[in-house]
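[1] Quick one, fold the following:
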Amino acid sequence: MLSRCSGRRRAREAVRASLRCLMKISSSPAAPFRHLQRLTDNVGVLESAHGIVPRYEHGYRVDDVARGLVVVCREPSPSAELVTLGRRYLYFLARAQAADGKFRNRLGDDRRWRGKPEVQDAWGRSLWALGTAAAHGPTEGIRAEARALFDASARIGSPYLHSMAFAALGAAEVLERWPGDPGALSLLAMAATVIGEPSADAAWPWPAPRLSYANASIAEAVIVTGEKLGRGHLLQNGLRMLDWLLAGETRNGHLSVVPAEGWGLGEDRPAFDQHPSQVAALADACMRAAAVTGDSTWLTGVEMSVTWLLGDNDAGIPMLDPATGGCSDALSRTSRSRNQGAESTLAMIAVLQHGRSVADQEARGFGTPESLTPG
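    Numbers count the residues shown, from 1 in each chain. Coordinates of the predicted model:
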């Protein structure tokens, strides 16, 4: 662990110049939201784009709308336009929620819901978003409604690892504002059971036989569960998982994240396609680890996430498009996707928000990240 911390310090110095370049690109708080506003209509966030043109025929996903609510609520001083987006996203989630607390995920362009309410990722991401909005929403109305919706879905759990990890992140936000909240505490306890213990094998300290998507969110969920429930061994498990993941996703001084098809021990790396959502999950988790431990070396993961967007990646190609305010959907070995859909654009916004927060704190001369929270 100590050698990796030293490595994080060295890597951090190497990315400072790129981070300062990013601050010039995104100096206006509203700038990163331009393409998200293009993808949002009076219903919600459209999932896909052809280039930068929204594809209405692909409809909407609760997964994306939940991400949208999170990034709006993370803005320290959102504009009136962003507050309107937040209200719209919250209303969408309210419509997606069933009476039993489960969530539908897909709404077609004909305004008809696809599938039945479940407790899969849409449920988990919705709880993450609702917990964030309840604690950090830009208006009292948003905070109150989000709290009520969170409480209605916190009554149930899920047998799915990712779903419970996302729900745990929302529960942690609620507990920051309302310590002792029974629904949030219950979710964290369930998350600890569903995620389980990571392997003791140093070569694979992970609670699943294969890495898939949003891997860092699982480590982050274990971290917050250990912190909020006062279970020190869980906190250490989560930090060990994240440290191993960050080391494994670093190649030649830059991020080389797990590809869309997942990764198992012994498989070739680097591998493609790589998605911005993996990078955003890593930035979130490293920001959380820094806030929980007070160890600023974790911010290396945040800064490397920022520079991955700028082109410090396996292909040497920028994913951030300053001209459109969007982000490419996927990075291949020699190129990037021309499409800029909701998931990638929201991931980019989340990473830039963390990058701005780190840069602002450093500009004020703070040496530790204790005041930084994922939000």
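
[2] Tell me how many other residues surround residue 115.
    10 (other Cβ atoms under 10 Å). For glycine as for every other residue, the C-beta is placed from the backbone atoms N, C-alpha and C.

[3] Please apply the same query to the one 4 residues further on.
    Using other Cβ under 10 Å, residue 119 has 21 neighbouring residues.

[4] Which of the three states applies to the closest residue to it other than its chain neighbours?
    Once flanking residues are discounted, residue 119 sits nearest to residue 158: 3.8 Å by Cβ to Cβ, 6 or more residues apart in numbering. Applying DSSP: H, G, I helix; E, B strand; the rest coil to residue 158 yields a three-state assignment of coil.

[5] for residue 110, same thing?
    Going by three-state DSSP: residue 110 is coil.

[6] So what's the predicted local confidence for it?
    At residue 110, the pLDDT value in this model is 97.

[7] So it versus residue 45, what's the distance?
    17 Å (Cβ to Cβ, to the nearest Å).

[8] who has more neighbours, these two?
    Neighbours per residue (other Cβ under 10 Å) separate residue 110 from residue 45, with residue 45 holding more: 29 against 8.

[9] list the contacts for that one?
    Residue 45 sits next to 36, 39, 60, 61, 64, 65, 68, 89, 342, 346 when contact means Cβ atoms under 8 Å, 6 or more residues apart in numbering.

[10] change it to 7 Å
    Residue 45 is in contact with 39, 60, 64, 65, 68, 342, counting by Cβ atoms under 7 Å, 6 or more residues apart in numbering.

[11] Select from those residues every entry located in strands.
    Using DSSP state E, the members of the contacts of residue 45 that fall within strands are residue 60.

[12] which one of the contacts of residue 45 has the most neighbours?
    Within these, most neighbours by other Cβ under 10 Å means residue 65, with 32 neighbours.

[13] is it true that that residue touches residue 91?
    No - taking contacts as Cβ atoms under 7 Å, residue 65 lies outside contact range of residue 91: 9.6 Å.

[14] what pLDDT does residue 203 get?
    For residue 203, the model assigns a pLDDT of 95.

[15] Against residue 262, how distant is it?
    17 Å.

[16] ok, the two, which is more surrounded?
    Neighbour comparison, residue 203 and residue 262: the larger count goes to residue 262, with 14 against 8 (by other Cβ under 10 Å).

[17] these two touch, right, that one and residue 208?
    No - under the criterion of Cβ under 7 Å, residue 262 is not in contact with residue 208, lying 9.8 Å apart.

[18] now residue 246, nearest residue through space, not along the chain?
    Leaving aside its chain neighbours, residue 246 sits nearest to residue 301 (5.2 Å; criterion: Cβ to Cβ, 6+ apart).

[19] cool, and residue 236?
    Spatially, and ignoring its direct neighbours in sequence, residue 236 is nearest to residue 226 (7.2 Å; Cβ to Cβ, 6+ apart).

[20] same deal with residue 235?
    Excluding its sequence neighbours, the residue lying closest to residue 235 (Cβ to Cβ, 6+ apart) is residue 226, at 3.0 Å.

[21] Let's verify the one you found: helix, strand, or coil?
    Three-state call for residue 226 (three-state DSSP): helix.

[22] Now do the contacts for it.
    With Cβ under 7 Å, 6+ apart, residue 226 has these contacts: 232, 234, 235, 237, 238.

[23] Got phi/psi on residue 252?
    Phi and psi for residue 252, reported as degrees, to the nearest 10, are phi 50, psi 40.

[24] Now for it, how many residues are close by?
    Other residues lying near residue 252 total 8 when counted by other Cβ under 10 Å.

[25] Show me the strands in the stretch 101-250 of the chain, by range?
    Using DSSP state E, counting those that start in this stretch, the strands of the stretch 101-250 of the chain run over residues 106-107, 113-114, 250-251.

[26] I'd like the ones you listed laid out as TSV, including mean neighbour count.
    Listed next are those as TSV, based on neighbours: other Cβ atoms under 10 Å:
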stretch	mean neighbour count
strand 106-107	19
strand 113-114	14
strand 250-251	16
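
[27] of all those, which lies closest to residue 285?
    Minimum separation from residue 285 across these (Cβ to Cβ) falls at strand 250-251, 14.0 Å.

[28] Now tell me what touches that closest one from outside.
    Under Cβ under 7 Å, 6+ apart, the answer for strand 250-251 is 256, 269, 270, 314.

[29] with those residues in mind, which one is nearest to residue 141?
    Nearest to residue 141, judged by Cβ to Cβ, of the contacts of strand 250-251 is residue 256 at 43.2 Å.

[30] Can you report how many residues lie near the closest one?
    Using other Cβ under 10 Å, residue 256 has 19 neighbouring residues.

[31] Got phi/psi on it?
    Backbone torsions of residue 256, given as degrees, to the nearest 10, read phi -140, psi 90.

[32] Next up, the contacts around it.
    For residue 256, counting by Cβ under 7 Å, 6+ apart, the contacting residues are 249, 250, 269, 270, 314.

[33] Same check on residue 166?
    121, 124, 125, 127, 128, 217.

[34] Distance check, it against residue 294.
    25 Å.

[35] again with residue 253
    Distance, residue 253 to residue 294, using Cβ to Cβ: 25 Å.

[36] for residue 279, same thing?
    Residue 279 sits 24 Å away from residue 294, going by Cβ to Cβ.

[37] more neighbours, the two?
    When residue 279 and residue 294 are compared for neighbours, residue 279 comes out ahead with 29 against 11, by other Cβ under 10 Å.
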